[in-house]
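Novice: Got a predicted structure here, sequence first:
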Amino acid sequence: MTTEKNSLIEFPTHFQLKIMGAQHPDFVSEILKAICEHAPDTREEHVKLRPSSNGNYVGATVTVYTTSQEHLDNIYRCVTSHPMVKVVF
């Protein structure tokens, strides 16, 4: 018997990852490199940045195209394990 995960998200879809990290000139390129391992069509124009009020951190909203819950989980795991990333939601 196979157990199928139920998801509230309908796939395929464009999904927005909210990523926080320390302010660094390579933050966007490093995050994109990690995401592109699983979603190769993701480009810099899919990223919106917001600096923190003190400028120590940066928030990035990255829109990725995902085809399944497993695909989204793989992207999420890759991004959360990146050393420049503090939190993903």
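Specialist: Ah, there it is. Residues are numbered from 1 along each chain as shown.
Novice: what about the closest residue to F89 other than its chain neighbours, which SS state?
Specialist: Nearest residue to F89, sequence neighbours excluded (Cβ to Cβ, 6 or more residues apart in numbering): K18, at 4.9 Å. Yep, even glycine has a C-beta here, placed from its N, CA and C like the rest. Per DSSP: H, G, I helix; E, B strand; the rest coil, the secondary structure class of K18 is strand.
Novice: which residues touch K18?
Specialist: Shown in contact with K18 (Cβ atoms under 8 Å, 6 or more residues apart in numbering): 59-61, 88-89.
Novice: any idea of the pLDDT on it?
Specialist: K18 is assigned 98 on the pLDDT scale.
Novice: Quickly note the distance from it to N6.
Specialist: Relative to N6, K18 is positioned 23 Å away (Cβ to Cβ, to the nearest Å).
Novice: Quickly note the distance from the residue nearest the centre of the chain to E37.
Specialist: Centre of the chain computed as the mean C-alpha position; nearest residue by Cα atoms, centre = their mean is L17, 4.3 Å away. Distance of L17 to E37, computed by Cβ to Cβ: 14 Å.
Novice: where are the low-confidence patches of this structure?
Specialist: In the predicted model, the chain carries pLDDT under 70 at residues 1-5.
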